[in-house]
Structures are given as structure tokens and as C-alpha cells.
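Chemist: Provided below for reference: sequence and predicted model.
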Amino acid sequence: MSKYCPTWIIDCIIAEASIDFIELEVGLEFISKKYTEGIRNIYEDVENVNIYEGVKRMVEFCVSEELNENSNIILSQFSYYKFYFVNKNTQRNFSTLFSNPFFSKVPRFITEEDTLKNFYSFLKIYKKFKFVHYKEGWCLKIQEENEDLKNLASQPLSEDILQTLVDVKKDQEFQSDWFKKK
């Protein structure tokens, strides 16, 4: 069986990566690398998805809409909604006998642009009706329906990335100390 990615999975991945970027205060290139490599290990048709660009534009959109400290909550609500609902009235069926909701039957060739459009639509509905299907504190790391996505979201940053962050911090401290001494 081919492993093609449904559009809603990319929505959840980009939202989760955006939350990680905001919460972890780590460079966007590190967060996007983790999710890009992880999603490509699961699905075959995600070569066109640019997680880096998707997260960057998603966060910029949150800033332009002045969501500020609510950004993580709204991104989490968006991810929850896309994960558990097909639309605002129809819940996603994870226990179907004939198909797996985590795989598409045909390649989608989706891009991050689709996620931005979906988030914009969600935000319009959210602001207008304050309707939300949501479980507080929900994220891909704690969902129980798909182990691959749970592992991807829970996976820590690689040792290479963590070492790079340590090196950058040391350089910044050295430069700061050097300029203080002058």
C-alpha cells in the first residue's frame, strides 16, 4: 500500500512545528528539519511541502492578526480541529474498515500554502463564532490514534542540533564577554 499524505496531516504538522518554534525558542531551521525529515520517513508524496516556509508564514500570520500570547492556544485548537474533524459538523472516523484515514489513496502533492489557507479559514470561523472543537492541552505528542505522528512530535531535537545550539550560545557569551572587557 502506498503511503500518501492527507492534507489535514500537513496542517497538523505545520501547526505543531509552529507551536514548538514559539515554545522552545529554538531556530526555525532546527524545528523544520526535525519535522521535514520525520514526515518524509512516513509519507511518500511530501517532497513539495516546505515546513520551514509554512511555519514562518504561520507565525507571521499570527503576528499580523495580533494573536500574540494566544497563538499557541489557537494553533493547538487548529491542529486538534484538523486532526479530529473533517469539517465543523463531521468528526473524523479512525475506526473504518475500508480505509485508513492517515493515508490517502492517491498522491496529493500538497504544499504549505494549503495549510495557510486552511488556517486562515479556521481563524475566520473562530473569530466570528468562537466555535471550537478542542481539548485543552492537546497536541500531536499526546494523541493516541497514530503512533508515527506521536513519535514524530515527541522526538527530541537531534544531538547535532543540540550541539549546534550549545556552540552558538557559547559564541554569543564569548562575544558578549569580549565586548564587556573593552
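Modeler: That came through fine.

Chemist: all contacts plus neighbour counts: C-alpha atoms, from now on.
Modeler: Fine.

Chemist: host element of Ser76?
Modeler: Element membership of Ser76 [criterion: DSSP states H and E] is helix 71-84.

Chemist: from the middle of its chain, how far away would the following helix or strand past that helix be?
Modeler: Per DSSP H and E, the first helix or strand lying C-terminal to helix 71-84 is strand 85-87. Centroid separation between strand 85-87 and its chain, computed with Cα atoms, centre = their mean, to the nearest Å, is 18 Å.

Chemist: quick check: buried residues in strand 85-87?
Modeler: Phe85 (16 or more other Cα atoms under 10 Å).

Chemist: also stretch 40-48?
Modeler: Those buried within stretch 40-48 under the rule 16+ other Cα under 10 Å are Ile42, Tyr43, Asp45, Val46.

Chemist: do stretch 48-64 as well
Modeler: So stretch 48-64, judged by 16+ other Cα under 10 Å, has buried residues 49-59, 61-62.

Chemist: again, but for stretch 17-36
Modeler: 17-22, 28, 30-36.

Chemist: for stretch 113-123, same thing?
Modeler: Buried positions in stretch 113-123, judged by neighbour count with 16+ other Cα under 10 Å: Glu113, Asp114, Thr115, Leu116, Asn118, Phe119, Phe122, Leu123.

Chemist: correct me, but the first one touches Glu53?
Modeler: No. Between Glu113 and Glu53 no contact is recorded; they are 9.0 Å apart, counting by Cα atoms under 8 Å.

Chemist: so where do the helices sit in this structure?
Modeler: Along the chain, the segments classed as helices by DSSP state H run 7-24, 28-42, 51-64, 71-84, 112-129, 147-154, 159-181.

Chemist: which one of those lies closest to Trp138?
Modeler: Trp138 lies closest to helix 71-84 among the helices of the chain, at 6.7 Å (Cα to Cα).

Chemist: residues in contact with the closest residue to Tyr80 other than its chain neighbours?
Modeler: Among residues not flanking Tyr80 along the chain, Tyr134 sits closest, at 6.1 Å (Cα to Cα, 6 or more residues apart in numbering). Neighbouring residues of Tyr134 by Cα atoms under 8 Å, 6 or more residues apart in numbering: Gln77, Tyr80, Tyr81.

Chemist: I'd like the residues you listed as TSV, with pLDDT appended.
Modeler: Below are the contacts of Tyr134 laid out as TSV (pLDDT from 0 to 100):
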residue	pLDDT
Gln77	91
Tyr80	93
Tyr81	91
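
Chemist: contact partners of the helix holding Ser76?
Modeler: By Cα under 8 Å, 6+ apart, helix 71-84 touches 8-9, 11-13, 15-16, 18-19, 22, 62, 91-92, 119, 122, 132-135, 137-139.
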